[in-house]
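Visitor: Need coordinates for the following:
(chains A, B and C)
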Amino acid sequence: MVSPADRKLTIFHLWVAFAAFIVASFLGEYQVLERSGFIPALDSPTVYFASVSTHGVLMGFVLTTFFIMGFGYYTATTSLNTPIWNPKLAWYGFWISLTGTVMAAVPLLTGKASVLYTFYLPMQAHVAFYIGATLLVVGSWLWCAVMLVMFRQWKQANPKQPVPLAMFATTANALLWVWTSVGVALEVLFQAIPLALGWIDTVDAGLARTLFAWTLHPIVYFWLIPAYIAFYVFVPKQAGGYLFSDEIARAAFIVLAVFGLPIGFHHLYMDPAQTSSWKLLHGVGTLIVSLPTLVTGFTVIASLEIAGRLRGGTGLFGWIGSLPWTNPMVLSVILSLLMLILGGFGGVINASYAMNAMIHNTAWVPGHFHLIFAGTTVIMYFAIAYYLWPMLVKKPLFSNSLALVQLWTWFIGMGILTTPWHVLGLLGQPRRLSSMVYNTLLTLAWKPYELAMIFGGLIMLCSACLFIYNLVKTQLSPAPESFIQEIEYAEPIRPVAALPEYLNDFTLWNRVIAVLMAISFGIPILQFFFMDTYGSPGWGY
Amino acid sequence: MDEKERQRILESAPVGTFALLAVVLGSMVIAWLFLYFGVFIPRGIIH
Amino acid sequence: MQIELLIQKCQNLIGQAVDFVHDFIRQSRSVHIDDLERKWINITLSVIGLMIVIIVLDALIHNIRPPSKVETIDSARLHLSKEFAESNLGVQLDGNGDVIVRMVAGRYSFFPKHIAVPAETKLTLRWVSMDVLHGVHIPMTNMSTMIIPGYVAEITTSFPKPGEYPVLCNEYCGLGHNHMWSNISVIAKEDWKAPVQNFAKKEPDNG
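Guide: Coordinates of the predicted model:
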């Protein structure tokens, strides 16, 4: 039984996450409408770029960080069967992050921080934006501390026992986040804030981008890992089966964390400030990190196959039909994996070194990350929310059918939104435009795709509203006489017998990460201090 | 479903999964090769 | 004595490393991996390997790489630099008869606003920014690079098809970003005439 206090901690985090989500969803549909140019009255770069910046920060910093923290607290206490360590610290983290969010939101919404999600210097935002973003990250480090301490304490109290998989993966994610956030922290603390305050006159844009690239790839694994956690620890049981392999799951999380870090230069392939050799090294690493995802796919689908066969499915593919498609968690994983196939493929194209020139900074890129993040990852966030909410508020989910409709419409809307987006990229449309004013025939070819995208976005907006509606109704409905539901973690087919220590601990992997990061980023960052570089002053927009 | 059948399933190899993923991976390889040699390279070699 | 101690230390370290690897392998053997899953892992590694091999071979043999020449320049003083002074911009032939294009990116256009280059010919394009980050892409070609203030972005490519192409900025550079574009005419090789100009400076003087 989870204490009311721990449930409150979780639910506060999740509500901030989903509040950010619904606001950003409306901004998203506005953007796709404005961009198409079909409603001239909407045309406004000022509003558009403020919206894109806000939408990006809300979806990619607020929704994600708060969701992961809330889910992490609940996972820690339920999988380890112990109350949350130092709840005071946890709440400090929450309030610091929330303060940071509000502090960043004000300049974002008033057009004083239209520097987009990637806030690439030397373009300058209001200093409150940078400080707000910093506080958001600092608050999340307190979450990391709580996760790491709970992990350590459990291990000390249960020597030689396998750490429950859900907590093992959550701790891996916390460690990953600490390593990941250093890059952007360095950029913001030593470049962005001093420049905004006038303490320094110039910054080196090459160094700024390199530091951001440190964060930019592993942050998406920070977001993705909770979805994979749900794949491994919830899905098999919800499907009526067992986890195909616990050990492989641990290995996948480790390889994801270790190889997700030293590969950020695939975001800098087209940059002049890094040499092709370093880019090639990072490119090879990026292709390697597709392995844990492909292995996850196999392990999870194999678990589904066992479940389907246990439910009576026969033949090579009959088990697919016999799965409980009306279980939101099961439906979500199926839709998530479908989007992972296409989104993952797009990622491999992006990673392929020189081939990146074909799609760099074109519309393909937002098409890709909406499919893989808003699709594969966020649909699992929905699934986790549907699963946890009844246990958090001690009331049954308002409507299971509405949940299924919401998941299907999210998937369908995503397909209609992102497929044209990818095509537009191959047809050369740049990203981050608020309107197509080029006086060239090429842009006429883009119009039909933009029209289709409006409808995809609209379906997704309705889906987003359905999601919030279901959760709100669940929370506000009268409490039933008695409501007993406990979290159920999947069991492996064969119990974990002898688990190597390196699959139960992170000491070794921390060292490996340190070495790999030194190799991948050491010289590429240090070079800026040994070259004669010319800095850029801050620019408005 | 009796206990023996259940055990058999639990110990069986996931052939459906393997077949499904082999098709998916194969398609990805073909698509990658097509994009690399059919779209990227013809647009001009770069360095 | 010191050297003997050092050798002893090294031997200990190597011994520890070997023990560690042995232990790692022994523990790994105890982990059960389903045969089909093992097969899948091997197939996946082969596919990843194939892609890496194609990319690395293309990089080493055909020099197919992303534009990566690390070269700095003072973006605030472009007009004072010999290479990117206004009179030196655009299309020129260098001493070897190669086509070099020098462009300046700045809010909100690329300068010169219209250039003409030959098709199916090796071109070296050198881009600089006079203000913030820009990106430039000529659709349907691989002419794509970031333009970072403080750096010269150099890319070598060739355009396969003659035609009129837009030159588009694809990195957000401010509220006028939508309007940032210029034109390039790709002219059939036999019809293109090299501009009448002094040979471009081979050594850029970008202080």
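
Visitor: contacts and neighbour counts: CA atoms only from here.
Guide: Will do.

Visitor: so who does the residue most central in space within chain C touch?
Guide: When C-alpha atoms, centre = their mean is applied to chain C, the residue found nearest the centroid is C:P67 (1.4 Å). For C:P67, the contacting residues are A:269-272, A:276, B:46-47, C:145, C:153-156, by C-alpha atoms under 8 Å, 6 or more residues apart in numbering or on different chains.

Visitor: got the contact list for A:L451?
Guide: Residues near A:L451 by C-alpha under 8 Å, 6+ apart: A:S36.

Visitor: helix/strand/coil for it?
Guide: In three-state terms, and counting by DSSP: H, G, I helix; E, B strand; the rest coil, A:L451 is helix.

Visitor: Quick check: closest non-adjacent residue to the residue in chain B positioned nearest to chain A.
Guide: The minimum distance from chain B to chain A, using C-alpha to the nearest C-alpha, falls at B:G16 (4.8 Å). Excluding the flanking residues, the one nearest B:G16 by C-alpha to C-alpha, 6 or more residues apart in numbering or on different chains is A:L316, at 4.8 Å.

Visitor: burial of that neighbour, as a residue count?
Guide: By the measure other C-alpha atoms under 10 Å in any protein chain shown, the count of residues near A:L316 is 15.

Visitor: you'd agree it is in a strand?
Guide: No: A:L316 sits outside any strand when classified using three-state DSSP, being coil.

Visitor: Just the element for the nearest residue to A:S352 once chain neighbours are set aside, please.
Guide: What sits nearest to A:S352 in space, not counting adjacent residues and going by C-alpha to C-alpha, 6+ apart, is A:G283, at 6.6 Å. Following DSSP states H and E, one finds A:G283 within helix A:276-288.

Visitor: out of the contacts of C:P67, who's nearest A:T134?
Guide: Closest approach between these and A:T134, by C-alpha to C-alpha: A:D271, at 25.9 Å.

Visitor: what about the closest one, how many residues close to it?
Guide: A:D271 has 30 neighbours, counted by other C-alpha under 10 Å.

Visitor: for the nearest residue to it once chain neighbours are set aside, helix, strand, or coil?
Guide: Among residues not flanking A:D271 along the chain, C:M146 sits closest, at 5.2 Å (C-alpha to C-alpha, 6+ apart). At C:M146, secondary structure determined by three-state DSSP is strand.

Visitor: I figured C:M146 was touching A:Q274, is that so?
Guide: No: using C-alpha atoms under 8 Å as the test, C:M146 is too far from A:Q274 to be in contact (11.5 Å).

Visitor: ok, C:T44 - contacts?
Guide: Shown in contact with C:T44 (C-alpha under 8 Å, 6+ apart): A:291, A:294.

Visitor: Give the buried residues for stretch A:400-411.
Guide: A:402-404, A:406-411 (16 or more other C-alpha atoms under 10 Å in any protein chain shown).

Visitor: Quickly check: stretch C:129-136 near chain A or not.
Guide: Yes: applying C-alpha under 8 Å from any C-alpha of the partner chain, one finds stretch C:129-136 touching chain A at C:131-133, C:135.

Visitor: Show the pLDDT at C:F199.
Guide: The model reports C:F199 with a pLDDT of 50.

Visitor: got the contact list for residue 20?
Guide: Using chain A. Contacts of A:A20 (C-alpha under 8 Å, 6+ apart): A:58-59, A:62-63.

Visitor: Sorry, I should have been clearer: chain C.
Guide: By C-alpha under 8 Å, 6+ apart, the contact list for C:F20 is empty.

Visitor: Tell me the secondary structure at it.
Guide: Three-state call for C:F20 (three-state DSSP): helix.

Visitor: same thing with A:S114?
Guide: coil.

Visitor: Neighbours of A:A41, how many?
Guide: Using other C-alpha under 10 Å, A:A41 has 8 neighbouring residues.

Visitor: A:H422 now?
Guide: If we define neighbours as other C-alpha under 10 Å, then A:H422 has 22 of them.

Visitor: who touches it in this structure?
Guide: By C-alpha under 8 Å, 6+ apart, the contact set of A:H422 is A:363-365, A:367-368.

Visitor: what helix or strand does it sit in?
Guide: Taking DSSP H and E as the definition, A:H422 sits inside helix A:400-426.

Visitor: Tell me how far that helix lies from the chain's centre.
Guide: Put simply, helix A:400-426 sits 17 Å off its chain's centre (C-alpha atoms, centre = their mean, to the nearest Å).

Visitor: mean confidence for that helix?
Guide: Computed over helix A:400-426, the mean pLDDT rounds to 97.

Visitor: circling back: more neighbours, C:M146 and A:Q274?
Guide: Neighbour count, other C-alpha under 10 Å: between C:M146 and A:Q274, C:M146 has more, with 29 against 24.

Visitor: Need the per-residue pLDDT for the more buried one.
Guide: pLDDT, read off for C:M146, is 96.

Visitor: Tell me how far it lies from A:Q485.
Guide: Relative to A:Q485, C:M146 is positioned 54 Å away (C-alpha to C-alpha, to the nearest Å).

Visitor: Then A:V115?
Guide: 45 Å.

Visitor: Those two: which has the busier surroundings?
Guide: Comparing A:V115 with A:Q485 by other C-alpha under 10 Å, the one with more neighbours is A:V115, at 27 against 14.

Visitor: Quick check, the more buried one in contact with A:S51.
Guide: No: in this structure A:V115 lies outside contact range of A:S51 using C-alpha under 8 Å: 10.6 Å.

Visitor: Pull the lengthiest helix in chain B out as CSV, backbone CA atoms only.
Guide: Ranked by residue count, the top helix of chain B under DSSP state H comes out as helix B:15-33. The C-alpha coordinates for helix B:15-33 follow below in CSV (Å, rounded to 0.1, in the frame of the first residue of the first chain):
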residue,chain,number,x,y,z
VAL,B,15,9.0,-18.0,-33.7
GLY,B,16,6.2,-15.5,-34.5
THR,B,17,8.2,-12.7,-33.1
PHE,B,18,11.3,-13.7,-35.0
ALA,B,19,9.4,-14.0,-38.3
LEU,B,20,7.7,-10.6,-37.7
LEU,B,21,11.0,-8.8,-36.8
ALA,B,22,12.9,-10.4,-39.6
VAL,B,23,10.4,-9.0,-42.1
VAL,B,24,10.6,-5.6,-40.4
LEU,B,25,14.4,-5.5,-40.3
GLY,B,26,14.6,-6.7,-43.9
SER,B,27,12.3,-3.9,-45.0
MET,B,28,14.4,-1.4,-43.1
VAL,B,29,17.5,-2.6,-44.8
ILE,B,30,16.0,-2.3,-48.2
ALA,B,31,14.5,1.1,-47.4
TRP,B,32,17.9,2.3,-46.1
LEU,B,33,19.8,1.1,-49.2
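
Visitor: Among the contacts of A:H422, which one sits closest to C:H32?
Guide: Using C-alpha to C-alpha, A:H368 is the member of those that lies nearest C:H32, at 35.6 Å.

Visitor: now the helix or strand the closest one falls within, how far from the chain's geometric center?
Guide: Secondary structure from DSSP H and E places A:H368 in helix A:364-369. In terms of C-alpha atoms, centre = their mean, the centre of helix A:364-369 is found 14 Å from the chain centre.

Visitor: avg pLDDT for it?
Guide: On average, the pLDDT along helix A:364-369 is 97.

Visitor: packing partners for the helix or strand that comes right after that helix?
Guide: Later in the chain than helix A:364-369, the nearest helix or strand by DSSP H and E is helix A:378-393. Here helix A:378-393 touches helix A:4-36, helix A:218-233, helix A:328-351, helix A:400-426, helix A:442-476, going by 3 or more C-alpha pairs under 8 Å, 6 or more residues apart in numbering or on different chains; DSSP states H and E.

Visitor: Give the next helix or strand downstream of the longest one.
Guide: Going back to what we said before, that points to helix A:442-476. helix A:507-530.

Visitor: That following helix packs against which elements?
Guide: Using 3+ C-alpha pairs under 8 Å, 6+ apart, helix A:507-530 sits against helix A:205-216, helix A:246-260, helix A:276-288.

Visitor: any bit of the longest one sitting next to chain C?
Guide: Yes: judged by C-alpha under 8 Å from any C-alpha, helix A:246-260 comes into contact with chain C through A:247-248.
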